[in-house]
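In: Structure, please.
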Amino acid sequence: MDVWSSGESYDAYVGRWSRPVAAAFVGWLDRPPGARWLDVGCGTGALAEAVLAAAPTDVVGVDPSPAFVASATAAVPDPRVRFGVGDARALPVRNGWFDVAVSGLMLNFVAERTAVLGEMRRAVGHGGVVGAYVWDYPDGMQLMSAYWDAAEELGLADPTAHEAVRFGFCRPEPLRAMFAAAGLTGVDVTEIVVPTVFGDFDDFWSPFLGGTGAAPAHLAALPPDQQIQLRDAVRQRLPPADDGAIRLTARAWAVRGTAP
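Out: Okay, here's the model as predicted:
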């Protein structure tokens, strides 16, 4: 079971890497100043904060986690931005009120993805832009694959728990098809790759102890001896550089379309 109970733990685990992705994503969307933005599944506010570089008049973030909404509110105090608790499948917003509806690292955690995209399309109305990005779990998220590959090899995780399996649709063509199925036109997909550099193995491993996210939640459910066994197996997969650092990369796929 995925756990999303702590904004601080999430930022330590993967939120810090989502910030450069969010900035690149907003630049790629290239929306004009003065737009109204909706951030669906806003998490701890990384994407909403990046949107401020696009000079919006209004940014609304919605997330089902009260803890994440509280973290986002504290992290992004700009008066143009406000956050609230809400369900992506039934967004508490007016039809066509926004110019842009975006989602960062969220679509893979909802089963009704086409319905969510339909809600985002409703929120922007005719001519509005809907955009999202997700990690490339099948082939481009090294920090997570190192964990799940080791857990599966040790028999400590069911193969279906591996995020590369759970989120196999996080690739260009399935994403393109999903946006088209939601009625969006002119669908485009691009990759965003960011470095994920850790000072040493402890810097890599300690965020997994926070319990927030799929892999940390899985780890927390294991008995202590198996946690140690898994930690050592992951360490073997990540040999450090001469300076002790572990240098990996993370790839996200970004997709956008227009509401007809």
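In: make it CA atoms for all contacts and neighbour counts henceforth
Out: Will do.
In: could you list every residue that touches the nearest residue to residue 80 once chain neighbours are set aside?
Out: Leaving aside its sequence neighbours, residue 80 sits nearest to residue 58 (CA to CA, 6 or more residues apart in numbering; 5.0 Å). Listed by CA atoms under 8 Å, 6 or more residues apart in numbering, the contact partners of residue 58 are 34, 35, 36, 37, 80, 81.
In: Could you identify the helix or strand that succeeds the helix or strand where residue 205 lies?
Out: Per DSSP states H and E: residue 205 is located in helix 201-205. Moving toward the C-terminus from helix 201-205, the next helix or strand (DSSP H and E) is helix 214-220.
In: For that next one, which residues meet the burial criterion?
Out: Across helix 214-220, burial judged by 16 or more other CA atoms under 10 Å covers 214, 215, 216, 217, 218, 219.
In: would you put the C-alpha positions of stretch 108-127 in PDB?
Out: This file holds the C-alpha atoms of stretch 108-127, laid out as PDB (Å, rounded to 0.1, in the frame of the first residue of the first chain):
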ATOM      1  CA  ASN A 108       0.000   6.800 -11.900                       C
ATOM      2  CA  PHE A 109      -1.500   6.800  -8.400                       C
ATOM      3  CA  VAL A 110      -5.200   7.000  -9.600                       C
ATOM      4  CA  ALA A 111      -7.100   4.100 -11.200                       C
ATOM      5  CA  GLU A 112      -9.500   6.300 -13.100                       C
ATOM      6  CA  ARG A 113      -6.900   8.200 -15.100                       C
ATOM      7  CA  THR A 114      -9.200   9.000 -18.100                       C
ATOM      8  CA  ALA A 115     -11.800  10.400 -15.700                       C
ATOM      9  CA  VAL A 116      -9.200  12.600 -14.000                       C
ATOM     10  CA  LEU A 117      -8.100  13.900 -17.400                       C
ATOM     11  CA  GLY A 118     -11.700  14.500 -18.300                       C
ATOM     12  CA  GLU A 119     -12.100  16.600 -15.100                       C
ATOM     13  CA  MET A 120      -9.000  18.600 -16.000                       C
ATOM     14  CA  ARG A 121     -10.400  19.100 -19.500                       C
ATOM     15  CA  ARG A 122     -13.700  20.300 -18.000                       C
ATOM     16  CA  ALA A 123     -11.800  22.700 -15.800                       C
ATOM     17  CA  VAL A 124     -10.000  24.500 -18.700                       C
ATOM     18  CA  GLY A 125     -12.800  24.400 -21.300                       C
ATOM     19  CA  HIS A 126     -12.400  25.100 -25.000                       C
ATOM     20  CA  GLY A 127      -8.900  25.900 -26.000                       C
END
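In: before we move on, the earlier item: can I get the buried residues of helix 214-220 in CSV including pLDDT and distance to residue 54?
Out: Shown next, in CSV, are the buried residues of helix 214-220 (pLDDT from 0 to 100; distance: CA to CA, whole Å):
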residue, pLDDT, distance to residue 54
214, 85, 32
215, 90, 33
216, 90, 34
217, 91, 35
218, 94, 37
219, 95, 38
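In: Which pair of these spans the longest distance?
Out: Taking CA to CA as the measure, the buried residues of helix 214-220 reach their widest spread between 214 and 219, a distance of 8.7 Å.
In: Pull the contacting residues for residue 128.
Out: 96, 98, 99, 100, 101, 121, 258, 259.
In: switch the cut-off to 6 Å
Out: 99, 100, 258, 259 (CA atoms under 6 Å, 6 or more residues apart in numbering).
In: about what we covered before: any chance of TSV for the buried residues of helix 214-220, columns distance to residue 193?
Out: Formatted as TSV, these follow (distance: CA to CA, whole Å):
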residue	distance to residue 193
214	21
215	21
216	23
217	25
218	26
219	26
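In: In ChimeraX, how would I select the buried members of the contacts of residue 128?
Out: Remark: buried members of the contacts of residue 128, expressed as a ChimeraX selection using 16+ other CA under 10 Å:
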select :99,100,258,259
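In: Among the contacts of residue 128, name the ones in strands.
Out: Counting by DSSP state E, these place 100, 258 in strands.
In: Out of the contacts of residue 128, which comes closest to residue 86?
Out: Set against residue 86, the nearest of the contacts of residue 128 by CA to CA is residue 100 (17.7 Å).
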